[in-house]
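Undergrad: this is the structure alone, sequence omitted:
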């Protein structure tokens, strides 16, 4: 009987170190050879012409161009002109307002900031807002009914100062007790305010007030009416609408 055979030696494991080194070296040599060959091919080729940087000539339109806008249609022509001409005219029979500030319809910056509670602080803020100029008018009807209108223009190179200042004035007007307000039709942003509670000070007759604030472009509208009796909405609204139409 044959004896059980002893198991033979197992399969050998292949040594990978030397083979891997040879393959890596061959790959590097192949990459270098390919780079050199590509370089030699590019050297022998003529340089590729670059596309022109200039654009094709555009055909000029024929015919006459549009006529420039007239002063009546070009708002910029009007607002860059005499700002005082955009103010409402004094009604027939009315007198000049007694306490109207300014010189010949113009309101200097120093006079304008005088309407603020803290003129020194307001001066710096208005300068930062790029104040350009202000025009004013006002009139007195009878002995108590008084109107004052201001158009304040800003340069608006950095901020939309006209809109920002109008919003500030509108917020202040709405903050007073006993105030009714309405939008000015067609203005897009204007509002009128009627204060139903009079301003009372010892030694003075109680005064009722109404005001309007709006803007168009770089011009802010500020308008006030004062009287010893309540002011109807129709009066301040009529003035505000007509003034905005002139802008």
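TA: The structure has been received and is ready for your questions. Only a predicted model underlies this, so the values are computations on that prediction, with no experimental measurement involved. Numbering: from 1, shown residues only.
Undergrad: ok so residue 153 is a helix residue?
TA: No: if the criterion is DSSP: H, G, I helix; E, B strand; the rest coil, then residue 153 is strand and not within a helix.
Undergrad: for residue 173, see how far away it is.
TA: 21 Å (C-beta to C-beta, to the nearest Å). Using the backbone N, CA and C atoms, a C-beta is placed for each residue, glycine as well.
Undergrad: which residue ranges form the strands in this protein?
TA: 95-96, 131-141, 145-154, 179-183, 191-199, 207-216, 219-227 (DSSP state E).
Undergrad: out of these, which gets the lowest mean score?
TA: Note on those: lowest mean pLDDT is at strand 95-96, with a mean of 89.
Undergrad: as a check, name the ranges of all helices in the protein.
TA: 17-44, 75-79, 109-112, 119-128, 161-174, 233-246 (DSSP state H).
Undergrad: quick check: mean pLDDT of the second one?
TA: So that's helix 75-79. Mean predicted confidence for helix 75-79 is 58.
Undergrad: again, but for the first one
TA: Helix 17-44 shows a mean pLDDT of 57 in the predicted model.
Undergrad: cool, and the fifth one?
TA: Averaged across helix 161-174, pLDDT comes to 93.
Undergrad: could I get the strands of the chain in a markdown table, plus columns for distance to residue 161?
TA: Output for the strands of the chain, formatted as a markdown table (distance: least, C-beta to C-beta, whole Å):
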| stretch | distance to residue 161 |
| --- | --- |
| strand 95-96 | 30 |
| strand 131-141 | 8 |
| strand 145-154 | 4 |
| strand 179-183 | 22 |
| strand 191-199 | 19 |
| strand 207-216 | 9 |
| strand 219-227 | 8 |
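Undergrad: mind putting these into a markdown table with mean neighbour count and distance to residue 53?
TA: Converted to a markdown table, these look like this (neighbours: other C-beta atoms under 10 Å; distance: least, C-beta to C-beta, whole Å):
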| stretch | mean neighbour count | distance to residue 53 |
| --- | --- | --- |
| strand 95-96 | 12 | 67 |
| strand 131-141 | 19 | 43 |
| strand 145-154 | 22 | 43 |
| strand 179-183 | 14 | 55 |
| strand 191-199 | 19 | 56 |
| strand 207-216 | 24 | 45 |
| strand 219-227 | 22 | 46 |
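Undergrad: for residue 216, see how far away the most centrally placed residue in the chain is.
TA: The centroid of the chain falls nearest to residue 160 when counting by C-alpha atoms, centre = their mean (3.9 Å). Using C-beta to C-beta, residue 160 is found at 12 Å from residue 216.
Undergrad: go on, residue 191?
TA: 14 Å.
Undergrad: and for residue 87?
TA: 14 Å.
Undergrad: likewise for residue 126?
TA: Counting by C-beta to C-beta - residue 126 and residue 216 are separated by 19 Å.
Undergrad: check residue 179 too.
TA: Residue 179 sits 24 Å away from residue 216, going by C-beta to C-beta.
Undergrad: can you check residue 94 too?
TA: Residue 94 is 25 Å from residue 216, by C-beta to C-beta.
Undergrad: then residue 116?
TA: From residue 116 to residue 216 the distance is 23 Å (C-beta to C-beta).
Undergrad: got it, and residue 98?
TA: 29 Å.
Undergrad: got the contact list for residue 131?
TA: Residue 131 sits next to 109, 112, 152, 154-155, 161 when contact means C-beta atoms under 8 Å, 6 or more residues apart in numbering.
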